[in-house]
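Colleague: got a predicted model here, sequence first, then my questions.
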Amino acid sequence: MEYEKIRLAEKAQELGDIELAVLLCLVAEAHCIIEADVEDIEQAEKEIQSICHKTFGLTTATLNCTADMSLDDFDAHILVYDAAEVVTPTANQHIQEDYFSSSDAISKRTKMLGFEDDGKIADVIVARDLHLAPVEVQVQALELMRGKRVFTRRALYTAPKRFVLVALNTADKGPKMMLHLNNHFSISHFYQHPDSSAASDIFDHENTSTRSNVRSRPSIPAFPRQSSGINPFLPFFQKYEIDEIAKLSSRVKLHPDVRAYMHNIVVFMRMHRAVASGVTPHATRSLYSLTSALASLHGLDFITPSLVALAVRKIYPHRLVIVKPEDEMSLQWGSELDAVREYLDGITAEDVIDDVLGMVETPL
């Protein structure tokens, strides 16, 4: 067991940022937002598709959302047909359940009732510019994330047990996703083109102190991997390995002092004078589940304060809403509006997170 934990942690260290984000979502059964500059959005989409296929052996479906997109368009583009199954070594079959197949009970029931045709929901759905989609399409995406099934005009489709919805949005000041949909995405990440000079690793729990962490290492390592297994046609991370990491994650221990640290971060975030909303119960649940997953990816069986800080930087940036100057709480006891407006000028969610992490005492 100890050898297996070390082996999986070493494999995780070989992954790039986008690969780690996808793996983290698969382990924690979460979904993510990836933002990219307009000129990098095409490259980001291609990399995500390549990562899902080559690194994890997953089927993908991509849809480009627009303001005039219909529900039928959304339903049609999340399905894949006659997807080739990835063969795994016979030696591992005894610990390998197909966690990427639909729920057996639901699948059998829907097929008996004639609800499903030959199509199935992809393992990973890349929804490009989901924030531009009409409200009814965003609601359909939310229902897919929450209920893992989609009703269409002619069928009921059930999602895989572990599937990921990736919202690939352009990093601009355009319209935002509806509040409940945005809150249901557990983490967010800014995509940096591999040719960029930025090289810090956002998933390195020893380097989480500056905003430069949103600028990351290449998503796909340029060097050949040494631990890809005996069969070069197999994905780098196989399904049974993701299942094993999830089991390790469920056994991660949380010390009372670290639990208090996490609680204080949530309270300080909620009470921060620049925050209007965004510190939701769902975000708190994500904080606990994602820190456990991060610990298992680092080969640990306990959660450290640095992993908590890392998770906070990935969970809250897309959720926090900066308060308007006229609604800032200190106006109630005499602050000048001009002074408040000056204080809030240019402040971002990352600034708030840095401020909170600096104020909360870290357990020794």
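Modeller: In hand now; what should we look at? Every value quoted in this text rests on a predicted model; they were computed, and no experiment measured them. Numbering: from 1, shown residues only.
Colleague: all helices of the stretch 51-200 of the chain, in order?
Modeller: For the stretch 51-200 of the chain, applying DSSP state H, counting those that start in this stretch gives helices covering 71-77, 104-112, 135-147, 179-184.
Colleague: quick one: buried residues of the longest one?
Modeller: This means helix 135-147. 137-138, 140-142, 144-145 (16 or more other CB atoms under 10 Å). Placement of C-beta: from N, CA and C, glycine included.
Colleague: coming back round to it: pick out the shakiest of the helices of the stretch 51-200 of the chain, pLDDT-wise.
Modeller: Note on the helices of the stretch 51-200 of the chain: helix 104-112 shows the lowest mean pLDDT, a mean of 45.
Colleague: right, and residue 310 touches residue 295 too?
Modeller: No - using CB atoms under 8 Å, residue 310 makes no contact with residue 295, being 10.5 Å away.
Colleague: for this protein, longest strand please?
Modeller: When the chain is parsed with DSSP state E, its longest strand is strand 164-170.
Colleague: mind listing the strands that strand pairs with, and their directions?
Modeller: In the sheet, strand 164-170 lines up against strand 32-36 (parallel), strand 124-128 (parallel) (DSSP bridges).
Colleague: most tightly packed of the ones you listed?
Modeller: When you average the neighbours per residue for each of the strands paired with strand 164-170 (mean count of other CB atoms under 10 Å), strand 124-128 leads with a mean of 25.
Colleague: that one versus helix 135-147: what angle between them?
Modeller: 160 degrees (axes from the mean of the first three to the mean of the last three CA atoms, to 10 degrees).
Colleague: how near is residue 244 to residue 299?
Modeller: According to CB to CB, to the nearest Å, residue 244 stands 13 Å off from residue 299.
Colleague: what's the answer for residue 180, then?
Modeller: In terms of CB to CB, residue 180 sits 36 Å off from residue 299.
Colleague: who's more crowded, the two?
Modeller: residue 299 (16 against 13; other CB atoms under 10 Å).
Colleague: tell me the secondary structure at that one.
Modeller: Classification of residue 299 using DSSP: H, G, I helix; E, B strand; the rest coil returns coil.
Colleague: give me the number of residues near the closest residue to it other than its chain neighbours?
Modeller: Distances taken as CB to CB, 6 or more residues apart in numbering put residue 9 closest to residue 299, at 3.1 Å, once the chain neighbours are dropped. For residue 9, the neighbour count with other CB under 10 Å is 17.
Colleague: which of the helices or strands spans residue 9?
Modeller: helix 2-13 (DSSP states H and E).
Colleague: distance between that helix and the chain's centre?
Modeller: Centroid separation for helix 2-13 versus its chain: 21 Å, with CA atoms, centre = their mean, to the nearest Å.
Colleague: what about residue 363, distance to residue 168?
Modeller: Residue 363 is 37 Å from residue 168, by CB to CB.
Colleague: okay, those two: which has more neighbours?
Modeller: residue 168 (22 against 15).
Colleague: would you check that residue 337 makes contact with residue 324?
Modeller: No - at 10.7 Å, residue 337 and residue 324 do not qualify as touching, with contact defined as CB under 8 Å.
Colleague: any stretches of the protein with poor pLDDT?
Modeller: 1, 82-118, 173-174, 195-232 (pLDDT under 70).
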